[in-house]
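Visitor: Sharing a model that was predicted from the sequence below.
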Amino acid sequence: MIKEALVEKPPREEVGLLEWLKRNLFSTWYNTLLTFVSLAFLFFVGRAIIVWALHTARWEVVTTNIKVFMIGRYPASEAWRVLASLGVILLLTALTWVFRKLRGRPIRQWLILGWLLSFPLIGVLLRGFSEQNLFLPLVSSRVWSGLLLTLVLAIVGITASFPLGLILALGRRSKLPVIKILCTIYIETIRGVPLISVLFMSQLMLPLFLPPHIRLSTVMRALTGITLFSAAYTAENVRGGLASVPVGQYEAARSLGLSNVLMMVLIVLPQALRAVIPAIVGQFISLFKDTTLVVIVGLLDLLGVAKAVTGQRQFIGLHQEVYFFVALLFFIFCSLMSRGSRRLERSLGVGER
Amino acid sequence: MKNKSFLFLTPLLVLIFILATCAPAEKESTAEEKTTAKAVSRLQLIKDRGNIIVGCNAELPGFGYLNPAGEFEGFDVDFGRALAAAIFGDAGKVEFRPLTAAERLPALQTGEIDVLIRNTTWTLTRDTVNELDWAAVTFYDGQGMMVRKATGWKTIEDMEGATIATTTGTTTEMNLADTFRSRGIDYTPLLFESTQDTNTAYEEGRADAETSDKSQLAALRSAMANPDDHVILDITMSKEPLGPLTAHGDNQWNDVVRWVVWGMMEAEEKGVSSKNVDEMLNSNDPTIRRLLGVEGEAGKSLGLPPDFMVKVIKQVGNYAEVYDRHLGPQGINIPRGPNRLWKDGGLLYPMAWR
């Protein structure tokens, strides 16, 4: 604290708007030219977009089908279950935000437990039990579609691929040759093929590998494909983080008498993961967008639903409107994710320590 | 320390979530079905499962799409509902699996779906090499040509020197070349990657004409600002017979599909519709009595309830009702053309119901 007070900040230059403009936009003749060209470009593009959005576009295709975009084929009578799931997530988010300052208090551990329990809870809530069940009748994952399906694929894919990727990364650095070779082969194979082929494989080949009495739904098969694919990339990101931890840290941990597991959990992983947060979040954002590829295997995610509603007689050919709406939703979710990542980086002090 | 141990609970709980979504309570078709499909007819497996799984198109106007309530709707979709009505007496006992063009044939071959009703053209290669069996033809499509009414063109011969927009890399493009070359007529092709781009180019006047399947042209035309300014010429450049298909070698199941389709055409021929089917039960016409199961053993021979056509007609309708609902004036407005009954000069000729 004392040290900080002694460091004098450089004096702030106060400049007026005109001065700022002159300095940044009109400093030389070619900058002036560039400024005008850019302004003209922005004006024409912006005007075209606004004219289209306000006059040409027929937004009825979105407003009429808003329910289809959100939950797709999920039965309307059971829609409250989706809202209830959303409520659980919002409640947990709010609680987490309220108690964000209380590091290490018991309430924090309860919150973590709450987040973990929310997974099976929401799973049961969305899917229900059996067809005869009065309170929660079965809603097969086959009818999950729209934004609901996109979020389920992304969230479960992200949550499941992270621990798997962690294990693969540790395996690849293992001293046991069998584990090392297996992990390396897995990672390099998956990274060597496109996601579409992994999805196709999981749809058509997975049922052949599994014992006959286990039969996964289409959504489960897509989830498996996405998770296996994403885990390989997470593994490489984490491995980068592991490599960035100085050897001295390992030696220090050993000299304290920590076992291998404790060394990893207490000393190495916290430093390694903190270093690669931006890379991992970036990968999860791209995973979120990649879920649109499930259209290829006949699942109606947000993009699939957007295509499907343009088949309605009164809305034939209104592709621009639905794609614009879908792009907007993706933009909102992706920017939320990157904002969350920046907060996390700040609170963990990435790049400062 | 305690915090960390929670971290390792995550995979466990995710696993629980995964198991919760695929627990056996869900009536999934088991893999056993696949191995025994050859021995036992698919029909028995469908009855045991309690619903029928139909592969469909999710984004083709008129044929298969989602309505604002989030349900599948369309011409192809209605034939799937008709099969459910025939087998279970309930048109709702059907599960639609949206499929892409690339995925549709493997889905049928691996037993993922019971029947494929997804505007699939009956071709020699698919019938033989791909080991599939078509049941019937529900829609005779063909490549057509759309031009502006103002040009006054009626035939290919009128179109000397025309610029024609179409999609690249398809049979459509090759058929166009064949048609014009065989007549020795000059034209300029204008090629695009997607149907949508092709249509936009034509509408903006960059091309004099646009070629695609007739059903597609009709749908695109109905979406135009002034549909009446455009006309689809009465010429057909290729044959595209579309219909439901089943896996190779399951004749009993294939029979059910084809006779339900033919039954719907027969109902139109005999004037039986969803509105009058109850009165028709008292009809003296033996052909109607056989169709509705009042007489004869049609249902028994197919392995269906005797009154299965009554259920189909009451819940889904006869062929004309289905056509009018989705492809007729209430739908995307395709003239019936070859899809009229044989007695009206069309190609629909249901086999003898006796």
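Guide: Received the coordinates, thanks.
Visitor: avg pLDDT for the helix or strand containing A:Val45?
Guide: Take DSSP states H and E as the rule and A:Val45 turns out to sit in helix A:29-51. In this model, helix A:29-51 has a mean pLDDT of 93.
Visitor: Would you mind listing the outside residues contacting it?
Guide: For helix A:29-51, contacts defined as C-beta atoms under 8 Å, 6 or more residues apart in numbering or on different chains pick out A:25-26. For every residue, glycine as well, the C-beta is placed using N, CA and C.
Visitor: tell me how far that helix is from the chain's mean position?
Guide: Taking C-alpha atoms, centre = their mean, to the nearest Å, the mean C-alpha location of helix A:29-51 is offset from the chain mean by 34 Å.
Visitor: Can you give me the buried ones in it?
Guide: Residues of helix A:29-51 include none that count as buried (16 or more other C-beta atoms under 10 Å in any protein chain shown).
Visitor: what about dumping the CA coordinates of it to CSV?
Guide: Taking only C-alpha atoms (Å, rounded to 0.1, in the frame of the first residue of the first chain), the coordinates of helix A:29-51 have been written out as CSV:
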residue,chain,number,x,y,z
TRP,A,29,-3.7,14.4,-45.4
TYR,A,30,-3.8,10.7,-45.9
ASN,A,31,-5.4,10.1,-42.4
THR,A,32,-8.0,12.8,-43.3
LEU,A,33,-8.7,10.9,-46.6
LEU,A,34,-8.9,7.6,-44.8
THR,A,35,-11.3,9.1,-42.2
PHE,A,36,-13.7,10.4,-44.9
VAL,A,37,-13.6,7.2,-46.9
SER,A,38,-14.3,5.1,-43.7
LEU,A,39,-17.1,7.5,-42.7
ALA,A,40,-18.7,7.2,-46.1
PHE,A,41,-18.4,3.4,-46.0
LEU,A,42,-19.9,3.2,-42.5
PHE,A,43,-22.7,5.5,-43.5
PHE,A,44,-23.8,3.6,-46.5
VAL,A,45,-23.5,0.1,-44.9
GLY,A,46,-25.2,1.3,-41.7
ARG,A,47,-28.0,3.0,-43.7
ALA,A,48,-28.5,-0.1,-45.8
ILE,A,49,-28.7,-2.3,-42.6
ILE,A,50,-31.1,0.1,-40.8
VAL,A,51,-33.3,0.5,-43.9
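Visitor: Tell me who's in contact with the closest residue to A:Glu345 other than its chain neighbours.
Guide: Sequence neighbours aside, A:Ile277 is the residue nearest to A:Glu345 in space, at 5.5 Å (criterion: C-beta to C-beta, 6 or more residues apart in numbering or on different chains). By C-beta under 8 Å, 6+ apart, A:Ile277 lies in contact with A:341, A:344-345, A:348, A:350.
Visitor: Could you pull up the mean pLDDT of the helix or strand that the helix holding A:Val45 is followed by?
Guide: Remark: after helix A:29-51, the chain's next helix or strand is helix A:60-64, criterion DSSP H and E. On average, the pLDDT along helix A:60-64 is 92.
Visitor: How far does helix A:60-64 sit from its chain's centre?
Guide: Centre to centre, stretch against its chain (C-alpha atoms, centre = their mean), the figure for helix A:60-64 is 27 Å.
Visitor: separation between the residue lying closest to B:Tyr140 once chain neighbours are set aside and chain A?
Guide: The shortest distance from B:Tyr140 to any non-neighbouring residue, by C-beta to C-beta, 6+ apart, is to B:Pro338 (4.2 Å). When distance is defined by C-beta to the nearest C-beta, to the nearest Å, B:Pro338 is 22 Å away from chain A.
Visitor: just B:Thr171 next, same as before
Guide: 22 Å.
Visitor: That residue reaches B:Met237, doesn't it?
Guide: No: B:Thr171 lies out of contact with B:Met237 (C-beta atoms under 8 Å); the separation is 10.0 Å.
Visitor: Name the nearest of the contacts of A:Ile277 relative to A:Asn24.
Guide: A:Glu345 (28.7 Å; C-beta to C-beta).
Visitor: is it true that the closest one touches A:Pro278?
Guide: Yes: assessed by C-beta under 8 Å, A:Glu345 is found in contact with A:Pro278 at 6.7 Å.
Visitor: where in the chain is pLDDT low?
Guide: Let's take chain A. Within chain A, the segments meeting pLDDT under 70 span A:1-8, A:11-14, A:102-105, A:212-213, A:350-353.
Visitor: let's do chain B instead
Guide: Ranges of chain B meeting pLDDT under 70: B:1-39.
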